[in-house]
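**Student:** just a sequence and a predicted model for now, questions to come.
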Amino acid sequence: DAPWRPSDLQQRDGRGIRKGNEVAKLYADNKVDVIIYAVEKSLDSYKFNLLYNKQLFITQLKQNNMGCRTIDEGGMDEKGGIPFSEYVAVLSGNTDLLDKARLEKRIAGMEGERKAFQRGKGESRIKLETFLANRASNDDIIARVRKDKAAIESRMQYDKEGNRLNPLKIDGVASDDPKVIAAKLHEIEDRERTHGQPKVIGSLYGFDIVVKTDTTVKDGLDFCENRFFVRGEGNFLYNYNNGRLAVDPKTACQNFINAFDSIPRLIEKYTRDNEAIEKELPVLEQVVGEVWKKEDELKQL
């Protein structure tokens with residue numbers, strides 16, 4: 001009789017090697033024939049087909065190899081029984097119902113494959129749109145930064161030794177003494193609150209010097225930190241040392257002219273990002289443009 005569980009059928013192979021099986025050892029070259037009997041055009045075909053489906057599903061679960069599969073009850077109805085019409089079909093050898101079940105499973109498998117294809121295509125479309133938006137944003141940043149680069153190169157002044165001059169102007173400070181300027185900057189650092197918006201406090205080579213207050217919350221308390229930037233003509237903010245001032249007066253005043261050194265690195269960074277995006281675009285565009293090749297076959301079913 002066909003068992004209910006696939007494991008019961010597999011365990012029958014082990015009965016031949018039980019302790020005390022002297023017949024196989026003495027008269028059958030220590031071999032045991034495992035014979036499974038089934039009656040043609042009977043419920044045995046249905047039972048063994050059911051065992052096969054069970055074992056296939058169990059194997060897929062254990063190997064984590066679930067492509068697409070529908071868990072159903074085969075010929076079972078909602079009450080847990082099997083209709084008499086299917087008994088008659090199996091006993092008579094009529095394969096229409098079995099063919100119908102195979103067709104339904106094939107359709108379900110193809111529909112699952114189509115859903116997986118459409119899901120992957122949708123994810124690729126979103127990724128493609130994101131990449132295109134990032135590329136456009138990077139192009140805009142590169143254009144603005146290059147414009148600032150050309151402006152600062154045309155305005156930069158040097159002394160006789162070729163060192164860059166630092167004509168930093170801070171609002172409210174008439175002196176050129178680095179100590180006086182640094183004292184004002186540190187005062188702004190301690191007291192100013194811009195609520196996240198850049199505030200102009202001076203200029204350097206025609207570029208605005210701005211301060212911006214960043215607020216973070218920790219343990220229910222607000223912590224404010226002022227950071228300093230040079231704002232380009234394209235409204236891009238450049239900084240040195242993450243916008244934090246040094247304690248030394250001369251070094252603090254050099255913060256802003258040193259911020260200009262980040263311009264070539266920024267151009268290189270965003271150009272490199274765009275190059276990486278360009279490598280991904282052809283594959284994504286191909287995936288987005290693909291059509292599921294089995295659509296006509298599914299319609300015919």
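**Tutor:** Yep, that arrived.
**Student:** domains of this protein?
**Tutor:** 6-94, 103-156+267-301, 157-259 (automatic domain parsing).
**Student:** deepest-packed of the ones you listed, please.
**Tutor:** Comparing the domains of the chain by mean neighbour count (mean count of other Cβ atoms under 10 Å), domain 157-259 ranks first with a mean of 15. Every C-beta, even on glycine, is put in place using the N, C-alpha and C of the backbone.
**Student:** that one: end-to-end distance?
**Tutor:** End-to-end distance for domain 157-259, by Cα to Cα, to the nearest Å: 16 Å.
**Student:** now residue 45: how far from residue 8?
**Tutor:** Using Cβ to Cβ, to the nearest Å, residue 45 is found at 18 Å from residue 8.
**Student:** likewise residue 118?
**Tutor:** With distances taken as Cβ to Cβ, residue 118 is found 41 Å from residue 8.
**Student:** just residue 177 next, same as before
**Tutor:** Applying Cβ to Cβ to residue 177 and residue 8 gives a distance of 95 Å.
**Student:** next: residue 187.
**Tutor:** Taking Cβ to Cβ, one finds residue 187 at 86 Å from residue 8.
**Student:** and for residue 294?
**Tutor:** 38 Å.
**Student:** equivalent analysis for residue 230, please.
**Tutor:** Residue 230 is 79 Å from residue 8, by Cβ to Cβ.
**Student:** just to revisit the earlier point, redo the domains of the chain as JSON lines? Include mean pLDDT.
**Tutor:** Formatted as JSON lines, the domains of the chain follow (pLDDT from 0 to 100):
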{"stretch": "domain 6-94", "mean pLDDT": "66"}
{"stretch": "domain 103-156+267-301", "mean pLDDT": "90"}
{"stretch": "domain 157-259", "mean pLDDT": "94"}
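**Student:** show residues contacting stretch 10-29.
**Tutor:** For stretch 10-29, contacts defined as Cβ atoms under 8 Å, 6 or more residues apart in numbering pick out 30, 31, 32, 34, 36.
**Student:** and residue 226, what helix or strand is that in?
**Tutor:** Using DSSP states H and E, residue 226 sits in strand 221-231.
**Student:** strand partners (parallel or antiparallel) of whatever helix or strand comes next after that strand?
**Tutor:** Next helix or strand after strand 221-231 toward the C-terminus (DSSP H and E): strand 237-238. Strand 237-238 pairs in its sheet with strand 221-231 (antiparallel), by DSSP bridges.
**Student:** alpha carbons only: can I get the strand it pairs with in CSV?
**Tutor:** Taking Å, rounded to 0.1, in the frame of the first residue of the first chain, the C-alpha atoms of strand 221-231 are listed here in CSV:
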residue,chain,number,x,y,z
LEU,A,221,18.8,67.7,24.9
ASP,A,222,19.6,70.0,22.0
PHE,A,223,23.2,70.3,21.0
CYS,A,224,24.1,73.2,18.7
GLU,A,225,27.3,73.4,16.6
ASN,A,226,28.3,76.3,14.3
ARG,A,227,30.2,75.4,11.1
PHE,A,228,31.8,77.8,8.7
PHE,A,229,31.7,77.7,4.9
VAL,A,230,32.6,79.6,1.7
ARG,A,231,29.5,79.9,-0.5
